[in-house]
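S.K.: Take a look and give me a structure for this.
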Amino acid sequence: MNSEITSLIESGDLLDIEDIAVHFTDPTGTLPIKGRRLQGALKDLIYGAREDIILISYSMSTWNKGWFLWDEIGDKVADGEVTLRVFGDKRKEVERLVGRYKMYGAKGWSWVKLNEDDKSLFHLKALIVDEQIYIGSANFSGLAMEESAEWGIIAESPDLRKELLRYLNHLIKEGRMEEV
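M.R.: Take a look at the predicted model:
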């Protein structure tokens, strides 16, 4: 084994990631896919939520009931046992989604531009459900799920969850994300 990898393992700097599954969308509709298509895998992830759902995305087409996670998220947060937190680039998208589930305690944060000329983006795409995490290329939009070529992994990883939440908290503390 490479000495650099051995050193990382011994120092404990590697993140523990288990039960990794890769999921795709296929705009051609012709690729034989092992396991679930990405949209189905994300829905299953939401349905399995016991404590919290943290949706992190650049774009979320949440303005209509045709949004692919509308029912799934609503079903999980309506019983009051699952919390919803949303992080996104566009304030209006975050406000729409949080507003829909606000009565159930949903909270959201949007990206803060530093000035008029700031072209920066909050471009992360992830979904944390309890100790499981999705990381991939797909925004949480209908276009991404149905017409684009996208891929992502879903894994069990308290370590990865902790690191991503640490990063999001850092962005909040530094004023780059603000609560809507």
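
S.K.: which helices and strands sit right next to whatever helix or strand Ile54 lives in?
M.R.: Ile54 is part of strand 52-57 when elements are defined by DSSP states H and E. Counting contacts by 3 or more CB pairs under 8 Å, 6 or more residues apart in numbering; DSSP states H and E, strand 52-57 is packed against helix 70-78, strand 83-88, strand 125-129, helix 158-173. Every residue, glycine included, has its C-beta placed from N, CA and C.

S.K.: what about the helices in this structure?
M.R.: Taking DSSP state H as the criterion, the chain contains helices spanning 3-11, 38-47, 70-78, 91-101, 142-146, 158-173.

S.K.: possible to save the ones you listed as a markdown table with distance to Ser110?
M.R.: Formatted as a markdown table, these follow (distance: least, CB to CB, whole Å):
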| stretch | distance to Ser110 |
| --- | --- |
| helix 3-11 | 35 |
| helix 38-47 | 21 |
| helix 70-78 | 18 |
| helix 91-101 | 4 |
| helix 142-146 | 19 |
| helix 158-173 | 11 |
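
S.K.: Can I get these in CSV including mean pLDDT?
M.R.: Below are those laid out as CSV (pLDDT from 0 to 100):
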stretch, mean pLDDT
helix 3-11, 51
helix 38-47, 90
helix 70-78, 86
helix 91-101, 91
helix 142-146, 81
helix 158-173, 94
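
S.K.: Right, I'll call it a day here.
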